[in-house]
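J.: Sharing a model that was predicted from the sequence below.
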Amino acid sequence: MIRFAHVTKEYPRTGAALKDVSFRIAKGEFAFLTGPSGSGKSTILKLIFLEERPTAGEIRVAGMHAAKIRGKEIALLRRKLGIVFQDFRLLEDRTAEDNIAFALEVTGAPRDTIGTRVGRLLTQVGLASKGTSYPKQLSGGEQQRIAIARALVNDPFVLIADEPTGNLDDRATRGIFQLLGDINSSGTAVLMATHDLELVRRHEHRVIEMNRGQIVFDSTDPAPRAAQER
Amino acid sequence: MIRFAHVTKEYPRTGAALKDVSFRIAKGEFAFLTGPSGSGKSTILKLIFLEERPTAGEIRVAGMHAAKIRGKEIALLRRKLGIVFQDFRLLEDRTAEDNIAFALEVTGAPRDTIGTRVGRLLTQVGLASKGTSYPKQLSGGEQQRIAIARALVNDPFVLIADEPTGNLDDRATRGIFQLLGDINSSGTAVLMATHDLELVRRHEHRVIEMNRGQIVFDSTDPAPRAAQER
Amino acid sequence: MRLTLREAVMSFARAPLLSALSIMMIAFSLYSFGLFGLVALNFRQRFGAVEERIEIEAFVDDSTNVETLANAVSEIARFPEVARALPVTKDEALERARRDMGEFKDVFDASFLPASIKVQVREGFRDPATVQRVADRIAAYAFVDDVRYGAEFVERLHDIRNVATGTGIVLGIAFAAVAIIIIAATIRITVLARAREISIMRLVGATNGFVRRPFLLEGLATGVLGGGLALLLLWLSFALIGRYIPLVFLERPMAIGGIAFGGMIGLLGSALSVWRHLRRI
Amino acid sequence: MRLTLREAVMSFARAPLLSALSIMMIAFSLYSFGLFGLVALNFRQRFGAVEERIEIEAFVDDSTNVETLANAVSEIARFPEVARALPVTKDEALERARRDMGEFKDVFDASFLPASIKVQVREGFRDPATVQRVADRIAAYAFVDDVRYGAEFVERLHDIRNVATGTGIVLGIAFAAVAIIIIAATIRITVLARAREISIMRLVGATNGFVRRPFLLEGLATGVLGGGLALLLLWLSFALIGRYIPLVFLERPMAIGGIAFGGMIGLLGSALSVWRHLRRI
Ligand SMILES: Nc1ncnc2c1ncn2[C@@H]1O[C@H](COP(=O)(O)OP(=O)(O)OP(=O)(O)O)[C@@H](O)[C@H]1O
Ligand SMILES: Nc1ncnc2c1ncn2[C@@H]1O[C@H](COP(=O)(O)OP(=O)(O)OP(=O)(O)O)[C@@H](O)[C@H]1O
Ligand SMILES: [Mg+2]
Ligand SMILES: [Mg+2]
């Protein structure tokens, strides 16, 4: 599903955020991405959904070469991904409902199904009563859950979640995690960056640990520094 | 230092976010504000630094009546507070350094002291090398730490922190917490909204727990629903 | 399409100030341009009336017989440069002199005013060189004593026409250029104001086309509204001034063309700005 | 102050497009206004020259003796409405007629042209009613046979002047109003574009004054630059057209006034926008 081979990413001025990173996420897998602040977790995720391009190395996502993909194909790829951004990125001038609906509208989904799907997801993230609020009128945790709902509304092949529970209390976190578990068992691969080691410990999923732009631990591979993709 | 008496806050459309909330934070006290997402934590903090005004009830901060304060006095009060916003609120078009320095510049601090103070705080939050980066070039956790540094640069009387460790890993959280502890022992009151129950449990500080806009538990007062401010 | 329309209407509603500014900008630019065009149009009209007075007068020898004169007149009338040629008899000349000179009318008698041929020059041949050539050709008739055509008047008119045309073209181009720059800048700002929104849309899977379409529709609408507003302002100015000075207004095709031009500018401005923006990110 | 200046310069640097648009907007508005003013100025000049020709001519009975005539002339010259009064003798009248009438010069002789008094009307008294009154007063002299002053010409000129002044005032006000609206809207957008920044500044303890000052400075600078650009454009237009038609340019105080006006508009626009914005939040 996702394959990184010797990927390096250098930002202008700040230098290398990723150095020779290689890993592979299989179809239907659930993996945590952990590591200290600034270790490159968000950078990996951004490379997957093509917000950033790698400086060197090869990235394949859902069979597409990230280096070759262009224009409309990028949009088509992103529609197969569900993305929860670390900073939410909700459209400020649309209600919570409309934000979620937007992810369906871009795919050209029939109008009559959109309403019911959006309603169901709002209920699932526990915000059925907040559908008509604008992002500014929502609490931090509520915004985060709307962002999660938007990522899921599409039935994505892969869910990319960047710190999706950073603003949620324990009970809400469990609820969201339940949701991610459900979606994972229906075949969606999940890659989730998180600081919540408690969460990581409680679940028996794969863990990839980053430090200073390199993978220092991968629970499915005891020798992560040896390249896996030769 | 901070005193809420029967405070109610209703947002237009969404109804009451706070109902009859009364509490008091003494000089030099350290208090956690916990509770599920949407329970009103951020609303309490916004009322303290006057981003929002109460619908009913009385709020006093550093001896000022929130209902009566006007214009320039608001600015003077805010300079005595250090505020870490849940959504960081960094100035996008200034570097990390300049963001921190700005909180000093508004007070008219002498230019030559600004540089050294900013440098010291950058080091304390572990970002000495990121001073010249713009917020967009920082990771989520790095932005959060810049926001914390900005709140502390003023030597505030009261520190108001809304979920200041939501994007930080354990080690960074401990570092920040150390910093808050230091500042607290030098006399600054700290009011910190957080979801991190682990953190709350580890420290022997006062805990105020919210639910649905009401205080449901206060570790210094076993009967929180009985009004404290008669 | 429904979606595009809804998005476009929503973006008007969401940023009314920006939309209003764009409309005003286009309206103001087109209005300045239109006002200028209106002045030019009216100037041309008036000027045309003055130019029709370019006339060559050939004074005829007293001894010329009527038949020769008539032949010459019809020959001259067939010159390609000539619009009309008319014989003026001695009596007519006297009458005219009397009418023109009011207070001195009693001092004239028919004896000293010569007969003449009046020749009007066709439009397009009213430049000094051509008029001179025609006059020379007429002077070549044996019975023509003298030819007059107000060389200075012709030259002066020609000068003014040249200057007016030149000034008109220069100012017109300047106005149009400034209008386009301003409109492009305004639309660019609308696009930049929505940069965050656009980037989010793309990240959740919107194609460039999807992002672009509402902008284009909005640009078109803005342009058409701006053009309409400009036309309205122009008409009001026209009505106000026209109360004192008789003026002609733009003809219908021109007015409609102006609105269409507004729409085109709006559409193009949007297309360019969005295109540039989408290409960069 | 250093801080304010730095902030103002930085905000130019950070949003060059917005700043450039504001400058262009002010420049364009002032330019339109200035172009219009230039036309008005030149029109007035030319028109003044035409108006000076308003002249009353009083024809004098042949039997009038020279002394009576001279007395009358100096009496008329002292009328408050009269700029100059000049006697024209029979000989002078003949000379003038010969000069004016070219081809018919041989038919005149001195006997039939009367002597006259030419009276020029002072500026400010050139309206039809006043001229009529002066003419009537002159006609009352016993030795005056007839008084002429081209009533139609005077009325026509008066009409044109009224129309031109009216049109000028209306258009001038319209241009100025549109300029101010556009500038205010532009500045409002700059403020809105920084709304988030402003709110953050206030939350970390900036006073309204601190937030406002860089905006005011920027507004002033924008206005002055816009005014300067407008003046430059105006001068270029003037130079270009002036090559063909002799024109006068704005005098220095007016030019400086225009730039100052631009600065004031920029400052006021900023002040209003920021003030409104700060009051609301
Ligand atoms: N656009 C950018 N330009 C320059 N440097 C950047 C940019 N984005 C990230 N960086 C740097 O790259 C490094 C990795 O950033 P990244 O966002 O991947 O960290 P992270 O692991 O997600 O951290 P966090 O847990 O704090 O979100 C950081 O040091 C950051 O400062
Ligand atoms: N500007 C607003 N307009 C309307 N409703 C609002 C506004 N801000 C907050 N609310 C509502 O008030 C309630 C309390 O919000 P608040 O931000 O105080 O929650 P919180 O305890 O900080 O939650 P979280 O932990 O998710 O940040 C929420 O239900 C929220 O939707
Ligand atoms: Mg991150
Ligand atoms: Mg909150």
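T.: Thanks, I have the structure now. Residues are numbered from 1 along each chain as shown, chains lettered A, B, ... in the order given. Ligands and ions are numbered 1, 2, ... in the order given.
J.: ok, and for stretch C:207-218, which residues are buried?
T.: By neighbour count on 16 or more other Cβ atoms under 10 Å in any protein chain shown, the buried set for stretch C:207-218 is C:207-208, C:210-218. C-beta: built from backbone N, CA, C; applies to glycine.
J.: Let me fix that, I meant to ask about stretch C:82-93.
T.: Residues of stretch C:82-93 classed as buried: C:82-83, C:85, C:87-88, C:90, C:93 (neighbour count, 16+ other Cβ under 10 Å).
J.: With respect to B:Asp169, which of those residues is nearest?
T.: B:Asp169 lies nearest to C:Ala83 out of the buried residues of stretch C:82-93, by Cβ to Cβ, at 94.2 Å.
J.: Against ligand 3, how distant is C:Asn65?
T.: Per Cβ to the ion, to the nearest Å, C:Asn65 is found 110 Å from ligand 3.
J.: still on that earlier bit, kindly reformat the buried residues of stretch C:82-93 as TSV containing distance to chain B, pLDDT and secondary structure.
T.: Shown next, in TSV, are the buried residues of stretch C:82-93 (distance: Cβ to the nearest Cβ, whole Å; pLDDT from 0 to 100; DSSP: H, G, I helix; E, B strand; the rest coil):
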residue	distance to chain B	pLDDT	secondary structure
C:Val82	73	87	strand
C:Ala83	70	85	strand
C:Ala85	78	86	strand
C:Pro87	84	84	strand
C:Val88	82	81	strand
C:Lys90	90	75	helix
C:Ala93	84	71	helix
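J.: Export those residues as TSV, with columns for distance to chain D.
T.: Shown next, in TSV, are those (distance: Cβ to the nearest Cβ, whole Å):
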residue	distance to chain D
C:Val82	24
C:Ala83	25
C:Ala85	21
C:Pro87	19
C:Val88	14
C:Lys90	15
C:Ala93	11
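J.: nearest to C:Asp62, of those residues?
T.: Closest to C:Asp62, out of all of the buried residues of stretch C:82-93 and judged by Cβ to Cβ, is C:Lys90, at 8.2 Å.
J.: Touching, that closest one and C:Val66? I think so.
T.: No - look at C:Lys90 against C:Val66 with Cβ atoms under 8 Å: they stay out of range, at 11.5 Å.
J.: just to revisit the earlier point, identify the farthest-apart pair in the buried residues of stretch C:82-93.
T.: C:Ala83 and C:Lys90 (24.5 Å).
J.: does the residue positioned nearest the centre of chain A belong to a helix or a strand, and which?
T.: Centroid-nearest residue in chain A, with Cα atoms, centre = their mean: A:Ile160, separated by 1.6 Å. According to DSSP states H and E, A:Ile160 maps onto strand A:158-162.
J.: so what secondary structure elements neighbour that strand?
T.: Strand A:158-162 makes packing contacts with helix A:41-48, strand A:81-84, helix A:140-152, helix A:170-185, strand A:189-193 when contacts are defined by 3 or more Cβ pairs under 8 Å, 6 or more residues apart in numbering or on different chains; DSSP states H and E.
J.: quick revisit: what residues are up against the residue nearest to the centre of chain A?
T.: A:45, A:48-49, A:81-84, A:151, A:191-192 (Cβ atoms under 8 Å, 6 or more residues apart in numbering or on different chains).
J.: Identify the bridge partners of it.
T.: Taking DSSP bridges as the rule, A:Ile160 bridges to A:Ile83, A:Leu191.
J.: Identify the residue spatially nearest to A:Ala67, adjacent ones excluded.
T.: Among residues not flanking A:Ala67 along the chain, A:Glu58 sits closest, at 6.9 Å (Cβ to Cβ, 6 or more residues apart in numbering or on different chains).
J.: tell me which helix or strand of chain C sits lowest on mean pLDDT?
T.: The helix or strand of chain C with the poorest confidence is helix C:90-101; it has a mean of 67 (mean pLDDT, DSSP states H and E).
J.: just how off-centre is stretch C:231-249 within its chain?
T.: Taking Cα atoms, centre = their mean, to the nearest Å, one finds stretch C:231-249 lying 15 Å from the centre of the chain it belongs to.
J.: Quick check: A:Ser133 vs A:Asp93, distance?
T.: As judged by Cβ to Cβ, to the nearest Å, A:Ser133 and A:Asp93 stand 13 Å apart.
J.: quick one, which of these two is more surrounded?
T.: Applying other Cβ atoms under 10 Å in any protein chain shown to A:Ser133 and A:Asp93 shows that A:Ser133 carries more neighbours, namely 20 against 17.
J.: Test my guess that the more buried one contacts B:Tyr11.
T.: No - using Cβ under 8 Å, A:Ser133 makes no contact with B:Tyr11, being 9.3 Å away.
J.: From A:Leu45, how far off is the residue in chain A that ligand 4 sits nearest to?
T.: At 4.1 Å from ligand 4, A:Gly140 is the closest residue in chain A, using Cβ to the ion. From A:Gly140 over to A:Leu45 the distance is 20 Å, taken as Cβ to Cβ.
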